[in-house]
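Chemist: what follows is a predicted structure for the sequence shown.
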Amino acid sequence: MAGLGAKLPLVVDENDGAYKLLKTYAEMIKQNFKMLVLTCPGERIMDTHFGVGLRRYIFENNTEDTYDDIATATYEQVARYMPHVRVDDIQFGEIADNAISITFFYTILPLSLEDAVSITQATN
């Protein structure tokens, strides 16, 4: 069966060919959303403004200001790089033990599909 792109992390798959593939637009958008949040600005070649850089917030104070900074960066990045997605809500877990946990709720506008992605980013 054909796919839309490689599923990350890369995993060898006998059914899909060389690697396991993303089969739906919802899967592809979820993966792209996750990459947008985890990529640090300056890390992507040819587009140094791409990415929220969630990892850089791990050692920040556990305050509303930190949450606001993450939310603002997320809304701005999604508006710029994923205009087909609307971020509906961002729920923060505690920043503790050198890790941050966030759940992003979003709507894929052309599909009228609501989805969520949870990310826990640690220092390791």
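Modeler: Received it, and whenever you're ready, just let me know what you need. Computed from a predicted model, the values in this text were never measured in an experiment.

Chemist: what sits against the residue sitting nearest the centre point of the chain?
Modeler: The geometric centre of the chain, computed from its C-alpha atoms, lies nearest to K34 (C-alpha atoms, centre = their mean), at 1.9 Å. K34 makes contacts with 117, 119, as judged by C-beta atoms under 8 Å, 6 or more residues apart in numbering. Backbone N, C-alpha and C define where each C-beta goes, glycine included.

Chemist: ok, 6 Å please
Modeler: Neighbouring residues of K34 by C-beta atoms under 6 Å, 6 or more residues apart in numbering: V117.

Chemist: helix/strand/coil for it?
Modeler: Using DSSP: H, G, I helix; E, B strand; the rest coil as the criterion, the local structure at K34 reads helix.

Chemist: any idea of the pLDDT on it?
Modeler: Among the per-residue scores, K34 holds a pLDDT of 95.

Chemist: what's the distance between it and E14?
Modeler: When distance is defined by C-beta to C-beta, to the nearest Å, K34 is 25 Å away from E14.

Chemist: one more: Q31?
Modeler: If you measure Q31 against E14 using C-beta to C-beta, the figure is 21 Å.

Chemist: of these two, who's got more company?
Modeler: Q31 (17 against 7; other C-beta atoms under 10 Å).

Chemist: which SS class is the more buried one?
Modeler: State at Q31, reduced to three classes by three-state DSSP: helix.

Chemist: grab the nearest non-local neighbour of R56.
Modeler: The shortest distance from R56 to any residue that is not its chain neighbour, by C-beta to C-beta, 6 or more residues apart in numbering, is 6.3 Å, and that residue is C40.

Chemist: count the residues that sit near the one you found.
Modeler: 14.

Chemist: kindly report the same for Q77.
Modeler: Using other C-beta under 10 Å as the criterion, Q77 is surrounded by 21 other residues.

Chemist: these two touch, right, it and F50?
Modeler: No - contact status for Q77 versus F50: not in contact, 7.5 Å apart, counting by C-beta atoms under 6 Å.

Chemist: which stretches of the chain form strands?
Modeler: Taking DSSP state E as the criterion, the chain carries its strands at 5-6, 12-13, 17-19, 21-22, 85-92, 99-108, 113-122.
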